[in-house]
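Asker: A structural model of the following input is requested.
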Amino acid sequence: MYRRDYILGLIEKAAVAVYKVAAARRNAQFEEAMALLNQAMKQLLGMNSKLIGALSVKDLLAMFSQDGGIDQGKVLAAGDLLHAEASVWKEAGNETAARQTALKCVEMLLTAMELDARSELKNEFDERLNHALDMAGRAPKSAELLEKLIPYCNEAGKLADAEDVLFQWLDELEKSGQWERRLKAIDEGIRMCEQWLQLDEGKISAGGLSSAEIHSTLQDLIKMKANSQT
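Answerer: Sure thing, here's the model as predicted:
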């Protein structure tokens, strides 16, 4: 397991690089900003931005792993640098590249949390995930990413977000013809709604829903299940 002081040290170095990138971005010096990011990625992560962009999240995390453990310092630093890159793309007017970079950041962080969850780093991961999700906005997400997002939103108490992601996931599974998986996803959604109805009204309201809305969603899912089985 990597020591916390090492992890925080990498985060601090990434923060220095992000500050320099932000200064260049504010002055519309986008090429300089990207050059600074590329330099920081090579120094802190051992690979340039082009390689990071080309690797799948699975392969990227493999590059961040050693002796069976993920270097969460590099994951968090990469999260900061990828968010900075997405911000540069957005300021430069390339919304597509900005959202793609943000989505990769989201998938990387969620997958790293699944593979090597540590409660002491939860706040650091949550902060970066929220930034990346805001940057990604309503950009289309893969079924695999949506599946990872649902438990994250649910565990964070973001009930309305979990509900929204659930229906996006069901749509993606329908588009790809994954009917058996879609039926299982509907069952998962039904169980989730039933669990929500056991919460007190304060937690339900804090999650962005009401009991009436949850009941309505539950009925919609039950109808979907019935239609899927006919």
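
Asker: The strand or helix carrying residue 35 - contacts with which helices or strands?
Answerer: Applying DSSP states H and E as the criterion places residue 35 in helix 30-45. If you count contacts as 3 or more C-beta pairs under 8 Å, 6 or more residues apart in numbering; DSSP states H and E, helix 30-45 packs onto helix 4-26, helix 49-54, helix 72-91. C-beta here means a position set from N, CA and C on the backbone, and glycine is covered the same way.

Asker: quick check: mean pLDDT across stretch 73-82?
Answerer: What stretch 73-82 shows for mean pLDDT is 95.

Asker: Now do the lowest-mean-pLDDT helix or strand in the chain: everything it contacts.
Answerer: Least confident helix or strand, the chain: strand 65-66 with a mean of 83, by mean pLDDT, DSSP states H and E. The contact list for strand 65-66, computed with C-beta atoms under 8 Å, 6 or more residues apart in numbering, reads residue 71.

Asker: Return the list of strands paired to it, each annotated with direction.
Answerer: Strand 65-66 has the following strand partners under DSSP bridges: strand 69-70 (antiparallel).

Asker: ok so, going back, reformat the helices and strands packed on helix 30-45 as a markdown table; add mean neighbour count.
Answerer: As requested, the helices and strands packed on helix 30-45 are arranged in a markdown table below (neighbours: other C-beta atoms under 10 Å):
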| stretch | mean neighbour count |
| --- | --- |
| helix 4-26 | 16 |
| helix 49-54 | 15 |
| helix 72-91 | 24 |
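
Asker: who does the helix or strand harbouring residue 59 touch, helix- and strand-wise?
Answerer: Using DSSP H and E, residue 59 falls within helix 57-63. Counting by 3+ C-beta pairs under 8 Å, 6+ apart, the packing neighbours recorded for helix 57-63 are helix 95-115.

Asker: can you list the weak-confidence ranges in this protein?
Answerer: Along the chain, the parts satisfying pLDDT under 70 run over 1-2, 117-119, 230.

Asker: residue contacts, the most centrally placed residue in it?
Answerer: Nearest residue to the geometric centre of the chain (C-alpha atoms, centre = their mean): residue 106, 2.4 Å. Taking C-beta under 8 Å, 6+ apart, we find residue 106 in contact with 129, 132, 133, 136, 145, 149.

Asker: How is the chain divided into domains?
Answerer: With domains defined by automatic domain parsing, the chain comprises 4-136, 143-228.

Asker: ok so residue 209 is a strand residue?
Answerer: No: with DSSP: H, G, I helix; E, B strand; the rest coil as the criterion, residue 209 is assigned coil and is not in a strand.

Asker: So what's the residue count around it?
Answerer: Residues lying near residue 209 (other C-beta atoms under 10 Å) number 22.

Asker: now do residue 27
Answerer: Using other C-beta under 10 Å, residue 27 has 10 neighbouring residues.
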